[in-house]
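Asker: build me a structure from this.
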Amino acid sequence: MFRDSSDGVEEYTTSVTGFINKCTKDVAPTVTVRTYPSQKPWITGNIPIELKGRAAAFKERDSNPEAYKKSRCALSRSIKQVARTATRPLAAVKISQMQALFFLGGQRSLVLGALLCLNYYIKALGAASLSQVVTHPLMKSITYWPQLVLGLTFNWGELLGWSAVFGSCDWSVCLPLYFAGVVWTSIYDTIYAHQVLDDDIRVGVKSIALRFQEHTNNWLSGFMMAMMLRLVVAGFNAEQTLPYYATLWLFTSHFRYVYTLDINKPEDCWKKCISIRTLGLFLFLGIVCGNVWKERRYTLFPRV
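Answerer: Numbering: from 1, shown residues only. I've put the predicted structure just below:
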């Protein structure tokens with residue numbers, strides 16, 4: 001066919017090559033993969049450069065204070081270029097750093113006041129979370145797993161809440177529930193991270209989204225299974241009842257929802273992120289209804 005329609009060897013070769021390329025594009029699946037130099041995205045963007053400049057100017061701040069001031073301003077401008085932080089109070093200069101510190105101090109004082117009203121067990125447990133609170137903001141510059149550290153920090157309140165009600169932790173229930181919350185936080189924050197991936201690259205921070213990229217869906221599905229297993233173990237050890245397990249059954253329908261996540265569409269990421277929040281509300285209602293069912297059962301059929 002090609003030989004009859006070609007006038008020479010060169011045209012014949014071009015026709016055959018073009019046909020092969022077309023067949024390859026039509027049949028072979030294509031996958032878009034984001035790659036970075038040595039898989040180290042933190043070496044790109046202006047933020048690392050400005051940080052080094054500020055560090056150098058800081059060493060010579062006594063002899064050249066003006067250069068140090070300019071380096072700080074340059075760093076501030078680079079950070080404000082990140083879209084998701086541009087409207088935040090500090091980045092938008094709606095409040096001063098001193099006002100932010102006063103607000104933070106007020107929040108810490110309220111938490112400390114509530115903690116001091118509780119027993120020594122809870123005070124020690126609360127003090128143990130301080131290391132996570134301090135180190136969490138630094139994790140995005142150190143590891144690809146900052147979402148995991150965020151989960152460890154956010155869900156510490158579950159241990160404190162259980163201790164505040166019962167006096168101490170029942171580790172057979174609290175640990176599975178705590179680690180289920182850690183995995184849950186990692187899931188929704190990883191989905192959120194895919195919305196702002198370009199900003200993270202520009203700023204030079206790391207995340208699970210950058211670590212797994214196109215393989216994120218598979219990993220998130222694995223996270224969901226690990227979370228489900230821990231919730232089942234926690235429910236079993238807490239002697240939960242039918243409403244709780246019925247809620248967990250709803251979670252299984254969410255597996256496909258997470259697996260079909262389109263990480264290249266921010267609107268789909270936001271939709272899936274919000275759905276996980278709604279799922280949390282259903283889990284809360286399942287726990288409440290499960291406890292009510294359990295109390296009613298024990299009222300009708302007391303323990304021997």
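
Asker: for the residue positioned nearest the centre of the chain, what are its contacts?
Answerer: In the chain, the residue lying closest to the centroid (CA atoms, centre = their mean) is residue 189, at 2.3 Å. Residue 189 makes contacts with 147, 150, 151, 208, as judged by CB atoms under 8 Å, 6 or more residues apart in numbering. (Each C-beta comes from the backbone N, C-alpha and C, glycine too.)

Asker: how about those residues in TSV, adding distance to residue 89 and secondary structure?
Answerer: Output for these, formatted as TSV (distance: CB to CB, whole Å; DSSP: H, G, I helix; E, B strand; the rest coil):
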residue	distance to residue 89	secondary structure
147	24	helix
150	21	helix
151	26	helix
208	27	helix
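
Asker: hmm, which of those residues are the buried ones?
Answerer: 147, 150, 151, 208 (16 or more other CB atoms under 10 Å).

Asker: redo those residues as TSV? Include pLDDT and distance to residue 137.
Answerer: Shown next, in TSV, are the buried ones among the contacts of residue 189 (pLDDT from 0 to 100; distance: CB to CB, whole Å):
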residue	pLDDT	distance to residue 137
147	91	13
150	91	10
151	91	15
208	89	17
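
Asker: contacts for stretch 253-270 next, please.
Answerer: Counting by CB under 8 Å, 6+ apart, 32, 187, 191-192, 194-195, 209, 213-214, 216-218, 220-221, 224-225, 272, 275-276, 279 sit against stretch 253-270.

Asker: likewise for stretch 172-181?
Answerer: Contacts for stretch 172-181 (CB under 8 Å, 6+ apart): 151, 154-156, 158-159, 162, 227, 230-231, 233-234, 237-238.

Asker: closest one of those residues to residue 102?
Answerer: Lowest distance from residue 102 to the contacts of stretch 172-181 (CB to CB) belongs to residue 154, with 23.9 Å.

Asker: what's the nearest residue to residue 285 if we skip its chain neighbours?
Answerer: Distances taken as CB to CB, 6 or more residues apart in numbering place residue 247 nearest to residue 285, at 7.1 Å, with adjacent residues excluded.
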